[in-house]
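> A structural model of the following input is requested.
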Amino acid sequence: MNSPASATFKKNLLSWVKSILLTLLSVVLLTLSFPNFNGFYLAFIALVPLFIIIERKSFLQALFCLELFVVLFYGYLMWWVDIFHPLALPGLIFYLCLIYVVPFAIYRAIRGRYTHVYDPLLLAILFTLLEYARGLGFPRFQYGAIAYSQYSFLPFIQISEITGFLGVSFLLYLTNSFIAHLLSQLERLELKAKVHFKSLLGAFSYIFFNRIWIIIIILSLNLIYGFTRLNQIRQSTPQEQKPFNATLIQPWFDYNITENRLPILTQKLFKITEASLHISNETSISDPLSTPDNNLTPTDPTTSENTPPPPQKNNLPPPDDNPNHKSQKNIPDLIVWPESAIDVYYKYELDNIIPNKETLSSPTAAYTKAIYDFLRTLGAQYNTTFLAGGFSLEPITKIVTKSTPSSSPEDEPATPTSPDQNDLETTAPDDVSKLKNPELETITIGYEKYNAALLIDTNGLVSDWSGKVHLVPFAEYFPYTHILEKFPFLHQVLKEARASQFTPYNQYKVFDHNNVPFSVLICYDDTFSDLSRTFTIAGAQFLIVITNDAWSYSERSQNIHYAFSLFRAIENRRPILRVGNAGVTALIDPQGRAHHSLPMFEEGFASVSFYPQSNVTFFTSFGDWFIFLLAFVLILFVAPFTISRYFIGLLPRIIKLFSPKKQR
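Presented below is the predicted three-dimensional model:
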């Protein structure tokens, strides 16, 4: 005969086992809804098991299952960041485990305060606000947002032009929480009779919310809107408007290699670019240098006799035979190279090479000169402009008196020789108005390094540039450097992880090319809807995303990143030229359709034509209004409980304090 204690133990153990199995089911279903499995329809039910646990189980058991879900789901979704550093994935999961506690704790604190009917709405609001909060602060981590599982379900996500991607997330969370609530209520028939029909308002709420048709109506209206928008002619094409032609270059270069890095990368870029312009091997303009040579005299780019032989055989088939070559009828207005394609300080070294051609100022200067010769010759022959990912090194100046000892040569900072040099000064310059004083002079006290997009004109020179706005923490910069320096071990670990010390770009640059304004999002920048929205408001008529995700060796990571760009196109109704080192390279139209997509991890190019757009969407105009609305509704949930508990009780005390005392 089992004792009561033994029976209770078995009951609790069975409850924990069921909860863990339900959690695993949610992990599997949600994982299958993301790339590369693309089971987007599973996202509508994937969180139902987890939400049942959150609603029905004890606080401790539900919290454990939620954290287990975070560890397993994000651990599989982001496994490829482990390539960067062994601590990257554990650190990321630890951060997510912390922030997921917040919506869970709020929900458990205020659920059912009035009636359980509103619990599904409350849970959906809290998890949607969590996704918004994940985009704030220095981490700004938006990977895994449930909306991006729907990137291939175009009719469902067209609402993003009104609400942003978070509107899609809210619909998915609401559907999951609603179904979970209905399933949980099947065992509470007697509770329904007591709670939901307690008043006329409660009865109406029960009938309205606890009917499956209300969710069907909401989802159906969203799909009708999506199909309608997809079938509308979104492109405004007046007769006087000409299409914009661009060529997207995908070199597929492995940046993790170090031997002969610059020769291989430069050769790939040259050969694919020449192929895109239908230049045969016999009439090749130039080839990169096979090895760096600081004593090499720059060659004349217009002659083939001085051109050194290529370091490796061109493995691209003729353009007409290569499936990755899209036929091109017109010379492109713009040729786009991906992030970090020019893996040298191109602008900085040109400023030192061009005035003094006989002096090559750094080991990479020979490659800079080869790139310059190549781009200048193409520009002269085809009148085409380049947009290339690279690096920009900007000097930091300081105004000092001529007698100041700090202006002596030994106090001058060392000139960086390559983008791999990480320890650069980032001190802001003094007021340049002091230059009017003839007794003062300007000295360079350091350099700021930017992950940049370079607009290169037909003369091979940088006519304009912009930098990456949102840097990846602990990869491209050290947040809270003054604190990290107090922990030498941690600081050294991060340095060994190839973390750079880039400077965030503090402008929202809009380029102008042939009277067509556009902006560039560099890699991680396209994960933030506010950034592309700001560029659109500033006048950008199309966007360019240059990225390099090839270091992950993962098609899945590249598809997940591609989903961000697709949503940015829909939110602002802007064409997006997306150019990746190994993919995803494509033209994304304002409806989110991909055109001329190239296979991942293959060399190739795509010639595309599109019409820039100037219309402004509701989301572009009003931004995160939907989030503010959800926050307001959440306040309506929380405020009455808070006021009744903490403030209303003060009223009798205040009255008692100021009322006259009774005389005995």
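
> now do the one helix or strand V28 maps to: distance to the chain's middle.
Secondary structure assignment for V28, by DSSP states H and E: helix 4-33. For helix 4-33, the distance from its own C-alpha centre to the chain's C-alpha centre is 35 Å (Cα atoms, centre = their mean, to the nearest Å).

> and for stretch 265-283?
On the basis of Cα atoms, centre = their mean, stretch 265-283 sits 31 Å off its chain's mean C-alpha point.

> quick one: mean pLDDT over that stretch.
For stretch 265-283, the mean per-residue pLDDT is 79.

> buried stuff in that stretch?
265-277, 279 (16 or more other Cβ atoms under 10 Å). (C-beta placed from N, C-alpha, C; glycine too.)

> what's the helix holding V28 packed up against?
For helix 4-33, the packing partners by 3 or more Cβ pairs under 8 Å, 6 or more residues apart in numbering; DSSP states H and E come out as helix 48-56, helix 59-77.

> would you mark the buried spots in it?
Taking 16+ other Cβ under 10 Å as the basis for neighbour counts, the residues of helix 4-33 that come out buried are S19, L22, T23, S26, V27, V28, L29, L30, T31, L32, S33.

> out of those, who's nearest Y553?
Of all those, T31 has the smallest distance to Y553: 19.3 Å, by Cβ to Cβ.

> surely that closest one and Y76 touch.
Yes: counting by Cβ atoms under 8 Å, T31 does reach Y76; the two are 5.8 Å apart.

> output the lowest mean pLDDT helix or strand found in the protein.
In the chain, no helix or strand scores lower on mean pLDDT, DSSP states H and E than helix 189-195, which sits at a mean of 48.

> tell me the buried residues in the host helix or strand of F567?
Element membership of F567 [criterion: DSSP H and E] is helix 555-572. With burial defined by 16+ other Cβ under 10 Å, the residues of helix 555-572 counted as buried are 555-572.

> what does stretch 139-159 give?
The neighbour-count check on stretch 139-159 (16+ other Cβ under 10 Å) flags 139, 141-151, 153-159 as buried.

> give the burial count for V344, as a bare number.
Number of residues near V344 (other Cβ atoms under 10 Å) recorded here: 24.

> just the one 3 residues further on next, same as before
Counted with other Cβ under 10 Å, the neighbours of K347 add up to 20.

> same question, the one 4 residues further on
Counted by other Cβ under 10 Å, the residues lying close to D351 total 15.

> surely it is in a helix?
Yes: secondary structure assignment (DSSP: H, G, I helix; E, B strand; the rest coil) places D351 inside a helix.

> now do the contacts for the residue nearest the centre of the chain.
Centrality entry for the chain: nearest residue to the mean C-alpha point is T527, 2.2 Å, by Cα atoms, centre = their mean. Contacts were defined as Cβ atoms under 8 Å, 6 or more residues apart in numbering; by that measure T527 touches R140, Q142, Y143, H470, H561, F564.

> can you count the residues close to the residue nearest to F542 when sequence neighbours are not counted?
Among residues not flanking F542 along the chain, P575 sits closest, at 4.5 Å (Cβ to Cβ, 6 or more residues apart in numbering). For P575, the neighbour count with other Cβ under 10 Å is 24.

> what is the host helix or strand of I396 packed up against?
Using DSSP H and E, I396 sits within strand 385-401. On a contact count with 3+ Cβ pairs under 8 Å, 6+ apart, strand 385-401 meets strand 334-336, helix 346-353, helix 365-382, strand 440-456, strand 542-547.

> and stretch 32-44, how far out from the chain's middle?
20 Å.

> outside of it, which residues touch it?
Outside stretch 32-44, the residues that touch it by Cβ under 8 Å, 6+ apart are 29-31, 46, 77, 144, 146, 148-153, 172, 175-176, 555-556, 559-560, 563.

> just the buried positions in it, please.
Within stretch 32-44, the residues that qualify as buried by neighbour count (16+ other Cβ under 10 Å) are L32, S33, F34, P35, F40, L42, A43, F44.

> quick one: secondary structure of the residue nearest to N572 when sequence neighbours are not counted?
Closest residue to N572 in three dimensions, ignoring its sequence neighbours and counting by Cβ to Cβ, 6+ apart: T536, at 4.4 Å. Recorded secondary structure, T536: helix (three-state DSSP).

> in this structure T536 contacts R574, no?
Yes: contact criterion Cβ under 8 Å: T536 and R574 qualify, at 6.0 Å.

> so R261 makes contact with P363?
No: between R261 and P363 there is no contact, the gap being 11.9 Å when judged by Cβ under 8 Å.

> tell me the phi and psi of Q613?
Taking degrees, to the nearest 10, you get phi -120, psi 150 for the backbone angles of Q613.

> for Q241, see how far away it is.
As defined by Cβ to Cβ, to the nearest Å, Q613 lies at a distance of 10 Å from Q241.

> ok so, going back, and the strand holding I396 with helix 346-353, angle?
When axes from the mean of the first three to the mean of the last three Cα atoms, to 10 degrees is applied, the directions of strand 385-401 and helix 346-353 differ by 60 degrees.

> now do the helices in the stretch 451-600 of the chain.
Ranges of helices in the stretch 451-600 of the chain, per DSSP state H, counting those that start in this stretch, are 481-484, 488-496, 529-537, 555-572.

> in CSV: these, plus distance to I216 and mean pLDDT.
Compiled in CSV, these are given as follows (distance: least, Cβ to Cβ, whole Å; pLDDT from 0 to 100):
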stretch, distance to I216, mean pLDDT
helix 481-484, 52, 64
helix 488-496, 50, 65
helix 529-537, 28, 95
helix 555-572, 24, 94
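
> could I get the ones you listed in JSON lines, plus columns for distance to V510?
Rendered in JSON lines, the data for the helices of the stretch 451-600 of the chain read as follows (distance: least, Cβ to Cβ, whole Å):
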{"stretch": "helix 481-484", "distance to V510": "31"}
{"stretch": "helix 488-496", "distance to V510": "34"}
{"stretch": "helix 529-537", "distance to V510": "7"}
{"stretch": "helix 555-572", "distance to V510": "13"}
